[in-house]
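[1] model this:
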Amino acid sequence: MDASAYLKSVVEQTSTFAGWVDGRDAAAPVPTCPKWTLADLVDHVGATQRMVTMLVGERMTEPSRAFAGYAPAPADPAGWGAWLTGGAAEAKRAFDSVADDTPVWDPSGADAGVPFWSRRLFGEVCVHRADAAAALGTRFELEPEAAVAAVEDWLDTMTSAGYWENRPDFADAMRGDGQTLHFHATDAPGEWVARREPDRVVLERTHTKADVAVRGPATDLLLVLSRRRPLDAAPALEVFGDRALLEHWLGHMDWVADG
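    Sure thing, here's the model as predicted:
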């Protein structure tokens with residue numbers, strides 16, 4: 001997927017998300033983000049999109065002003081729908097105004113800010129729409145190809161140099177001497193091998209023998225890898241090899257500890 005396709009999906013999925021949450025109970029708990037209420041979830045989704053809109057639209061190479069410009073959601077849940085859909089539309093316009101090589105701050109360390117943020121907004125809305133579904137008892141669905149793209153975003157972000165450098169707790173937990181994990185989507189093309197090294201996690205898009213392999217539908221992979229569904233609650237996934245290694249990996253995906 002390119003930036004245009006990612007942002008088209010961001011607009012569509014945000015519209016669905018907005019329809020689910022508009023006018024609902026702000027204090028409703030979000031079981032997949034135990035410290036959050038529905039109001040927290042709405043605020044995070046919409047404010048993040050607006051922060052990225054500022055970064056990209058204003059071609060920022062330093063993010064402090066975008067962080068400082070955090071725009072909270074309306075206090076009245078009846079205003080959530082319009083606020084969310086309006087923010088997604090603004091994000092699409094910002095990305096439409098730039099090229100992939102436009103200089104924009106990139107926390108991954110890859111110096112590819114526009115492609116990074118287009119994919120990141122897509123991955124965010126996929127996962128947080130699953131949060132909303134869990135909070136509201138709504139069925140979560142995602143096309144396999146989109147789920148593969150969201151898994152790619154999750155794994156690539158979590159194994160980026162920027163994440164490793166900025167999360168020393170994660171780096172300490174993930175240091176290894178070559179242990180490998182293989183993730184394999186069975187309903188759309190998508191395979192990844194993560195190799196734990198002393199100074200990084202190496203991510204490759206390949207099929208190879210690994211210390212542990214997990215395979216199954218892409219949406220199940222996404223929900224388990226993002227800790228939106230416990231491994232034991234995903235019977236469609238098959239695990240081969242060192243299950244403890246997989247459980248260690250999942251246990252340290254603490255990017256989502258607070259949401």
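
[2] show me where this protein has helices.
    For the chain, helices defined by DSSP state H occupy the ranges 3-21, 38-57, 64-68, 80-96, 113-136, 144-158, 161-166, 168-174, 218-225, 243-251.

[3] dump the C-alpha coordinates for the longest one into PDB.
    As requested, the backbone C-alpha atoms of helix 113-136 are provided in PDB (Å, rounded to 0.1, in the frame of the first residue of the first chain):
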ATOM      1  CA  GLY A 113       8.700  10.500   7.600                       C
ATOM      2  CA  VAL A 114       5.800  10.700   5.100                       C
ATOM      3  CA  PRO A 115       5.600   7.000   4.400                       C
ATOM      4  CA  PHE A 116       6.200   6.200   8.100                       C
ATOM      5  CA  TRP A 117       3.300   8.400   9.300                       C
ATOM      6  CA  SER A 118       0.900   7.300   6.600                       C
ATOM      7  CA  ARG A 119       1.300   3.700   7.500                       C
ATOM      8  CA  ARG A 120       1.400   4.500  11.300                       C
ATOM      9  CA  LEU A 121      -2.000   6.300  11.100                       C
ATOM     10  CA  PHE A 122      -3.400   3.300   9.300                       C
ATOM     11  CA  GLY A 123      -2.000   0.800  11.800                       C
ATOM     12  CA  GLU A 124      -3.300   3.000  14.700                       C
ATOM     13  CA  VAL A 125      -6.900   3.100  13.400                       C
ATOM     14  CA  CYS A 126      -7.000  -0.600  12.700                       C
ATOM     15  CA  VAL A 127      -5.900  -1.500  16.300                       C
ATOM     16  CA  HIS A 128      -8.000   1.200  18.000                       C
ATOM     17  CA  ARG A 129     -11.000   0.200  16.000                       C
ATOM     18  CA  ALA A 130     -10.600  -3.200  17.600                       C
ATOM     19  CA  ASP A 131     -10.500  -1.500  21.000                       C
ATOM     20  CA  ALA A 132     -13.700   0.300  20.300                       C
ATOM     21  CA  ALA A 133     -15.300  -2.900  19.200                       C
ATOM     22  CA  ALA A 134     -14.300  -4.600  22.400                       C
ATOM     23  CA  ALA A 135     -15.600  -1.700  24.500                       C
ATOM     24  CA  LEU A 136     -19.000  -1.600  22.700                       C
END
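
[4] how far out from the middle of the chain is it?
    Chain-centre distance of helix 113-136: 5 Å, with C-alpha atoms, centre = their mean, to the nearest Å.

[5] kindly report the same for the second one.
    Relative to the chain's own centre, helix 38-57 is displaced by 13 Å; criterion: C-alpha atoms, centre = their mean.

[6] between helix 3-21 and that helix, find me the angle.
    Inter-element angle recorded for helix 38-57 and helix 3-21: 160 degrees (by axes from the mean of the first three to the mean of the last three C-alpha atoms, to 10 degrees).

[7] any idea how many residues pack against G69?
    Neighbourhood size, G69 [other C-beta atoms under 10 Å]: 13. Every C-beta, even on glycine, is put in place using the N, C-alpha and C of the backbone.

[8] my read is that it contacts M54, right?
    Yes: between G69 and M54 a contact is recorded at 5.8 Å, counting by C-beta atoms under 8 Å.

[9] most packed of the helices of the chain?
    Burial of the helices of the chain is given as mean neighbour count (mean count of other C-beta atoms under 10 Å); helix 218-225 ranks first at a mean of 26.

[10] now for that helix, which elements pack on it?
    Secondary-structure packing of helix 218-225 (3 or more C-beta pairs under 8 Å, 6 or more residues apart in numbering; DSSP states H and E): helix 113-136, helix 144-158, strand 179-185.
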